[in-house]
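Colleague: this one's sequence-less:
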């Protein structure tokens, strides 16, 4: 039985300018100890999918229209407040994209690290402080006895991200959701953060959902990858297959956009056009307006995910019909 099983998740935002279908029928599962990568351009629905699971969608304007997210037998989308509090922040934790806006600027780092221990494990303050010091040390922050009393603005960007990781891991969760945790960091610190997440995963045996728009990061971190576009999953398979034989045109376009893979001296490849307006109905394939292989059938028929080989699904109608693109 999977640790997490998400089925037909739909999260819409009801605004004055229309209903935005941010997540429109997403389904996936995650095994214990597995790392799942979710990739796609900004606005593809990656973060909203995980915010929905964590119960962090602002209501209004957001609303979960349908679906289930069963974590170890409990549906996180329809459980009681008591069940939710026992799971979120304890058994399921999240590293947010921007640590400066996620950390409370008015609270010392010590208070923010100790809070989940005081709430979920009923530790005494001295015991919680010792755990907090050990957590800071485990994520590579020097002189934790002194730094634990500082405020977030007194840390660098890389150190704030380490604090966020320490906060997420301090309760030893079974599932960690990392929402682009290295986006704002330089390459050196990015590599350190990724290695730290892998190290902590090995030690705790936890499952990880890693959200990113960087396929290069996914290649060395994830067991499986699902590619999202316009609120839907367009391709899902293991990491090796995705990089060696991607089948959906959008996945191929993302790979062609990696600067390191471009021939030296040539113009960098970019995907033409813009993602669709999710407040309007999407007839046919959402990528058809930007796809060089699209036909009239692609523009008129909404594709569904279909298996093209064991453990490899994708939603391109032409590939499903056997066309070689």
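Modeller: Sure, I can see it. Computed from a predicted structure; not experimentally measured. Numbers count the residues shown, from 1 in each chain.
Colleague: please count neighbours and contacts with C-alpha atoms only from this point.
Modeller: OK.
Colleague: quick one: low-confidence ranges for the chain?
Modeller: In the prediction, the chain carries residues with pLDDT under 70 at positions 99-100, 183-185, 325.
Colleague: and the contacts of stretch 101-116?
Modeller: With contact meaning CA atoms under 8 Å, 6 or more residues apart in numbering, stretch 101-116 is reached by 89-90, 96, 125, 128-129, 131-132, 147-153, 163-164, 166-167, 170-171.
Colleague: just the buried residues of that stretch, please?
Modeller: Counting neighbours by 16 or more other CA atoms under 10 Å, one finds that the buried residues in stretch 101-116 are 103, 108-116.
Colleague: and which of those is nearest residue 297?
Modeller: Distances from these to residue 297 were compared by CA to CA; the smallest belongs to residue 103, at 48.2 Å.
Colleague: residues making contact with stretch 67-76?
Modeller: Surrounding stretch 67-76, the residues in contact under the criterion CA under 8 Å, 6+ apart are 2-10, 25, 53-55, 77-78, 84.
Colleague: list buried residues within those.
Modeller: The neighbour-count test (16+ other CA under 10 Å) marks 3-10, 25, 53-54, 77, 84 as buried among the contacts of stretch 67-76.
Colleague: in the stretch 101-250 of the chain, which spans are helices?
Modeller: 109-120, 125-138, 144-147, 157-169, 187-204, 215-219, 239-244, 249-256 (DSSP state H, counting those that start in this stretch).
Colleague: pick the most buried one from the ones you listed.
Modeller: Burial of the helices of the stretch 101-250 of the chain is given as mean neighbour count (mean count of other CA atoms under 10 Å); helix 157-169 ranks first at a mean of 25.
Colleague: tilt between it and helix 109-120?
Modeller: Computed with axes from the mean of the first three to the mean of the last three CA atoms, to 10 degrees, the direction of helix 157-169 lies at 10 degrees from that of helix 109-120.
Colleague: who touches helix 157-169?
Modeller: 89, 93-96, 98-100, 103, 109, 112-113, 135-136, 138-141, 152, 176, 181, 184-185, 189, 193.
Colleague: go with 6 Å
Modeller: Around helix 157-169, the neighbours that count as contacts under CA atoms under 6 Å, 6 or more residues apart in numbering are 93-94, 99, 113, 135, 139.
Colleague: and what of stretch 176-183?
Modeller: Outside of stretch 176-183, the residues that reach it under the criterion CA under 6 Å, 6+ apart are 92-97, 190, 208-212.
Colleague: stretch 305-316 too?
Modeller: 234-237, 248, 303-304.
Colleague: domain map for this protein?
Modeller: With automatic domain parsing serving as the domain definition, the record reports that the chain contains domains spanning 4-91+171-320, 103-170.
Colleague: coming back round to it: which of the contacts of stretch 305-316 ranks first by neighbour count?
Modeller: For the contacts of stretch 305-316, neighbours were counted by other CA atoms under 10 Å; the highest total belongs to residue 234, with 28 neighbours.
Colleague: which residues touch that one?
Modeller: Going by CA under 6 Å, 6+ apart, residue 234 touches 227-228, 314-315.
Colleague: top of the contacts of stretch 176-183 by number of neighbours, please.
Modeller: For the contacts of stretch 176-183, neighbours were counted using other CA under 10 Å, and residue 208 has the most, 29 neighbours in all.
Colleague: ok, which stretches of the stretch 201-325 of the chain are strands?
Modeller: 207-212, 224-229, 232-238, 306-309, 312-314 (DSSP state E, counting those that start in this stretch).
Colleague: among those, which comes closest to residue 40?
Modeller: Set against residue 40 and scored by CA to CA, the strands of the stretch 201-325 of the chain come closest in strand 224-229, at 5.2 Å.
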